[in-house]
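Enquirer: next comes the sequence, and after it the predicted model I'd like to discuss.
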Amino acid sequence: MKLHPHSRRSFLMGSSTLILASGTSSAQNTPLVRAGLVTDLHHADKETRGSRHYRESLRKLEEAGKLFSRYEPDFIVELGDIIDAAEDVETELAYLGTVHKAFSRLPGEKHYVLGNHCVDTLTKSEFLGIVGQDRSFYSFDRNGVHFIILDSCFRSDGEPYQRKNFQWTDANIPEAELDWLEKDLQSTSAEQVIVFAHQRLDLEDSENHTVNNASEVRSILEKAGKVRAVFQGHSHKNDHNETGGIHYVTLVAMVEGSGAENNGYSTLEVFADGSLRIDGHRNQDDYAWT
Ligand SMILES: [Zn+2]
C-alpha cells in the first residue's frame with residue numbers, strides 16, 4: 001500500500017480515529033461494505049498502442065482477482081472501458097465475451113459501468129446482454145449503504161452511444177436519467193451514498209474527459225446531502241477533487257503500462273461512522289477520509 005501524498009494526513013487521522021474506536025468495540029472497525037474496484041481494462045487482442053498494453057489486461061485482472069479472493073468483497077465494480085474498440089461487431093463481442101468470463105470468476109457480485117469504449121461498435125443492449133445486466137444505470141443497497149451506477153454514454157441530443165455514432169468528448173447524462181437520479185436520491189433512506197461513473201463529473205463542463213452537464217449532475221448529488229464519494233475512470237490517471245462536500249476519485253487504468261508493476265486496482269471500505277478507505281494496489285493511490 002502506498003499513501004497518496006495529499007491523503008497522508010487524513011489517512012493518519014482516520015487510523016487514529018479507528019484505533020480510538022477499537023477501545024470500545026471491535027465491531028466499529030468492521031466496514032459495513034467492502035468492494036473491489038477496477039477500471040479501463042481496454043481488453044482487446046490488439047498490438048500495444050502508445051502506453052496501452054491491451055493484451056496484458058487479462059493477466060493484470062487475474063492478479064487483482066487473487067487479492068479480491070482473499071479480501072472477499074460484497075461486490076466488484078468495473079468502472080467502464082472493459083474492452084477496446086474492434087473493427088466489427090463480431091470481434092468486439094468476442095473481446096467482451098473473453099473479458100466477461102475472466103471478470104465473472106472474481107468473487108462477489110459484479111457491476112458494470114458503461115464506458116465509451118464499451119459501446120463503440122456494440123449497442124448498449126448487446127453489451128448488457130453479454131454481461132447479464134438489466135440496466136445501464138441503476139442503484140442497489142448493501143448493509144444500509146446506497147450505491148448508484150450512472151451511464152454518461154449519451155450524445156448531447158440524447159441519443160445513446162452505439163455503432164460509432166458519437167464523439168468521445170460528447171458525454172452527457174440526459175434529462176430522463178437526471179430525473180431518475182433525483183428521485184432515487186430522494187427515496188433512499190440510507191445515510192451514505194456512493195456513486196460509480198465512467199466519464200468524469202469533477203471537471204469543468206467544457207473539458208474533454210468530463211460529462212458535458214457535469215455541473216448539473218453535481219448539484220443534484222450535493223442537494224441530496226448524503227453522497228460521500230464518486231468513483232470514476234476514463235482519464236486513466238489517479239486524481240482526487242473534493243467539491244461540495246463530495247470526494248471525486250479518478251482511478252488509474254489497468255491497461256496503462258507493461259508488466260505487473262503497472263497494474264492498478266483497489267478495495268473500498270465504507271464504515272458506519274462515515275469513514276471511507278481506499279486501498280490502492282500497484283499504481284493506484286490510497287485514500288482515507290473520516
Ligand atoms: Zn479508457
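Expert: Received it, and whenever you're ready, just let me know what you need. Remember, it's a predicted structure, so these values are computed and weren't measured experimentally.

Enquirer: can you tell me how far the residue positioned nearest the centre of the chain is from residue 254?
Expert: Closest residue to the average C-alpha location of the chain: residue 79 at 3.4 Å, with Cα atoms, centre = their mean. Residue 79 is 10 Å from residue 254, where distance means Cβ to Cβ, to the nearest Å. Heads up, the C-betas are built off the backbone N, CA and C, glycines and all.

Enquirer: and the nearest residue to the residue nearest to the centre of the chain once chain neighbours are set aside, what does it touch?
Expert: Taking Cβ to Cβ, 6 or more residues apart in numbering, and ignoring the residues beside it in sequence, residue 79 has residue 39 as its nearest neighbour in space, at 3.6 Å. Residues near residue 39 by Cβ atoms under 8 Å, 6 or more residues apart in numbering: 78-81, 198, 233-234, 251-254.

Enquirer: sitting in strands, which of those do you find?
Expert: residue 78 (DSSP state E).

Enquirer: which one (most neighbours) among the contacts of residue 39?
Expert: Counting neighbours by other Cβ atoms under 10 Å, residue 254 leads the contacts of residue 39 with 32 neighbours.

Enquirer: all the strands of this structure, residue numbers only.
Expert: 33-38, 75-78, 109-112, 138-142, 145-149, 192-196, 227-232, 239-243, 246-250, 264-270, 276-282, 287-289.

Enquirer: got the contact list for the fourth one?
Expert: Okay, so that is strand 138-142. Strand 138-142 has contacts (Cβ under 8 Å, 6+ apart) with 32-33, 74-75, 111, 146-149, 184, 188, 190.

Enquirer: drop anything exposed from these.
Expert: Applying 16 or more other Cβ atoms under 10 Å to these, the neighbour count classes 33, 74-75, 111, 146-149, 184, 188, 190 as buried.

Enquirer: Provide a list of residues in contact with the closest residue to residue 105 other than its chain neighbours.
Expert: Counting by Cβ to Cβ, 6+ apart, residue 65 is the residue found nearest to residue 105 once chain neighbours are left out, at 6.5 Å. Neighbouring residues of residue 65 by Cβ under 8 Å, 6+ apart: 102, 105-107.

Enquirer: same question for residue 221.
Expert: 185, 195, 201, 227, 230, 244, 246.

Enquirer: for residue 80, see how far away residue 89 is.
Expert: Look at residue 89 and residue 80: by Cβ to Cβ, they are 19 Å apart.

Enquirer: oops, could you answer that again for residue 255 instead?
Expert: As judged by Cβ to Cβ, residue 255 and residue 80 stand 12 Å apart.

Enquirer: find residues that contact each of these two.
Expert: With Cβ under 8 Å, 6+ apart as the test, residue 255 and residue 80 both reach residue 40.

Enquirer: ranges for the helices of the chain?
Expert: 8-22, 57-71, 89-104, 124-131, 175-187, 214-224 (DSSP state H).

Enquirer: what angle sits between the fifth one and strand 192-196?
Expert: Angular relation of helix 175-187 and strand 192-196 on a 0 to 180 degree scale: 160 degrees, by axes from the mean of the first three to the mean of the last three Cα atoms, to 10 degrees.

Enquirer: avg pLDDT for helix 175-187?
Expert: Across helix 175-187, the average pLDDT comes to 98.

Enquirer: just the buried residues of it, please?
Expert: Neighbour-count burial for helix 175-187, counted by 16+ other Cβ under 10 Å, picks out 177, 180-181, 184-185.

Enquirer: closest to the ion among those?
Expert: When these are compared for distance to the ion (Cβ to the ion), residue 177 wins out at 20.9 Å.

Enquirer: who's in contact with the closest one?
Expert: 137, 150-151, 154.
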